[in-house]
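# this one's sequence-less:
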């Protein structure tokens, strides 16, 4: 029986407030004070992630009957958003972990998979994705393959990026089903120590999202074939892509709100010096709020639109375009807002030694159109729209 995580409505109000309040406290008291150091040193936000772990948020999407909080996608969207107000890297860690949990909750139907989902909540496990591969373009199928011997498997993979791979308790590794499989015949394999070995083959020295520590690794793993989640194409289409777009979009919304708040404080200071006059910067701020509200509406409407997909059916072409449009619109709107906010802040936002500094916010925001490249998504939408009438 497939499970729904797309619960909306009044019955979710208490849980939204509970999960959100926890995330707000972590954002304010832990992630925020550490954020500049995380960015400067390109280090994992261990303080904030430890707090997230101890608060049980890693198991938030796990159903209550399996030991989790039984939270909804709305809950986690709120949590990711408020964490991004202080530290985008921390927000992305929770978002990317939750994407994997959502996929397992909805598609892990075997007894072993149900037990593992329960372990995520009980043992507070952090999951990371190893989907990319050296030599394969972004979004391409993995070329490595699972080799099986009876009920055991082994695999070797050179992953181009594995976000927080060194800090995860389990890697969800994409691979071809067998060495003979065609490229599109993909599975997801749950890999964890001691039968998982990581050897770093590339650093993570970027100018944004530095705390995600998305190094390149050579992955060697083995284990039981029970750890293999079949039919990755269905998981991707029905759950992974919509949840990823919503949660990444929530993180980008949080970054945008952080940028807007800094610009608003600058405008307020200017207004206090121009009693009786409306500063020109206030007009620019009013323009930005239109885009910011559109970002908020996009996240909320996306959760509502995907709510009916409780039967885990394949999305229609129209729904697939809608899912991808969320990613495109949120990433583009984020850039507009942070650049506009930086312009409003002026030299105080341009300085690195100013409390109004927009440096980290801008650098983190520029990851948005690159993370699952917008050009590839536009091409996919163009192909899908050829088969859609009256979109």
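Structure received. Small disclaimer: the values here were computed from a predicted structure and weren't measured.

# all helices for the protein, in order.
13-26, 32-41, 46-54, 73-84, 88-107, 111-122, 232-235, 241-273, 280-306, 317-345, 347-350, 359-365, 374-385 (DSSP state H).

# got the end-to-end distance for stretch 61-77?
Its first and final residues considered, stretch 61-77 spans 11 Å by Cα to Cα, to the nearest Å.

# ditto for stretch 135-152
Length of stretch 135-152, first residue to last, Cα to Cα: 27 Å.

# Go through the helices of the chain and name the closest to residue 175.
Each of the helices of the chain has some distance to residue 175 by Cβ to Cβ; the shortest is helix 232-235, at 9.0 Å. C-beta: built from backbone N, CA, C; applies to glycine.

# list the helices and strands the closest one packs on?
Packing partners of helix 232-235 (3 or more Cβ pairs under 8 Å, 6 or more residues apart in numbering; DSSP states H and E): helix 88-107, strand 186-191.

# swap the cut-off to 7 Å and go again
Judged by 3 or more Cβ pairs under 7 Å, 6 or more residues apart in numbering; DSSP states H and E, helix 232-235 is in contact with strand 186-191.

# The strand it packs on pairs with which strands?
Strand 186-191 sits in its sheet next to strand 170-176 (antiparallel), strand 228-229 (antiparallel), going by DSSP bridges.

# now, of those, which is deepest in the fold?
Across those, averaging neighbours per residue (mean count of other Cβ atoms under 10 Å) puts strand 170-176 on top, at a mean of 24.

# so how far is it off the chain centroid?
Centre-to-centre, strand 170-176 and its host chain are 17 Å apart (Cα atoms, centre = their mean, to the nearest Å).

# With stretch 213-230 instead?
With Cα atoms, centre = their mean, you get 20 Å for stretch 213-230.

# returning to what we had before: out of the strands paired with strand 186-191, nearest to residue 337?
That would be strand 170-176 among the strands paired with strand 186-191, by Cβ to Cβ, at 31.9 Å.

# Give me the contacts around stretch 100-108.
2-3, 5, 61-63, 113-114, 116-117, 120, 127, 129, 172, 229, 235, 239-240, 243, 312 (Cβ atoms under 7 Å, 6 or more residues apart in numbering).

# Name the residues of stretch 39-46 that are buried.
Neighbour-count burial for stretch 39-46, with 16 or more other Cβ atoms under 10 Å as criterion, is recorded at 39, 42, 44-45.

# Please apply the same query to stretch 57-69.
Neighbour-count burial for stretch 57-69 flags 57-63, 66-69 (criterion: 16+ other Cβ under 10 Å).

# Over to stretch 262-274?
For stretch 262-274, by 16+ other Cβ under 10 Å, it's 262-264, 266-267, 270.

# what's the closest of the residues you listed to residue 187?
Using Cβ to Cβ, residue 262 is the member of these that lies nearest residue 187, at 44.5 Å.

# Okay, the nearest residue to that closest one once chain neighbours are set aside and residue 285: tell me how far apart.
Closest residue to residue 262 apart from its sequence neighbours, by Cβ to Cβ, 6 or more residues apart in numbering: residue 356 at 5.6 Å. According to Cβ to Cβ, to the nearest Å, residue 356 and residue 285 sit 14 Å apart.

# if we can go back for a sec, going by distance to residue 369, which of the buried residues of stretch 57-69 wins?
residue 61 (27.0 Å).

# Any chance of TSV for the helices of the chain, columns distance to residue 183 and mean pLDDT?
Formatted as TSV, the helices of the chain follow (distance: least, Cβ to Cβ, whole Å; pLDDT from 0 to 100):
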stretch	distance to residue 183	mean pLDDT
helix 13-26	39	76
helix 32-41	37	97
helix 46-54	34	97
helix 73-84	30	96
helix 88-107	20	97
helix 111-122	25	97
helix 232-235	11	86
helix 241-273	18	95
helix 280-306	28	93
helix 317-345	20	90
helix 347-350	46	96
helix 359-365	33	98
helix 374-385	16	75
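
# Export these as JSON lines, with columns for distance to residue 198.
Shown next, in JSON lines, are the helices of the chain (distance: least, Cβ to Cβ, whole Å):
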{"stretch": "helix 13-26", "distance to residue 198": "27"}
{"stretch": "helix 32-41", "distance to residue 198": "21"}
{"stretch": "helix 46-54", "distance to residue 198": "18"}
{"stretch": "helix 73-84", "distance to residue 198": "26"}
{"stretch": "helix 88-107", "distance to residue 198": "17"}
{"stretch": "helix 111-122", "distance to residue 198": "20"}
{"stretch": "helix 232-235", "distance to residue 198": "21"}
{"stretch": "helix 241-273", "distance to residue 198": "23"}
{"stretch": "helix 280-306", "distance to residue 198": "33"}
{"stretch": "helix 317-345", "distance to residue 198": "29"}
{"stretch": "helix 347-350", "distance to residue 198": "39"}
{"stretch": "helix 359-365", "distance to residue 198": "25"}
{"stretch": "helix 374-385", "distance to residue 198": "27"}
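
# Would you mind saying which of the ones you listed lies nearest residue 143?
Among those, the nearest to residue 143 by Cβ to Cβ is helix 232-235 (13.9 Å).
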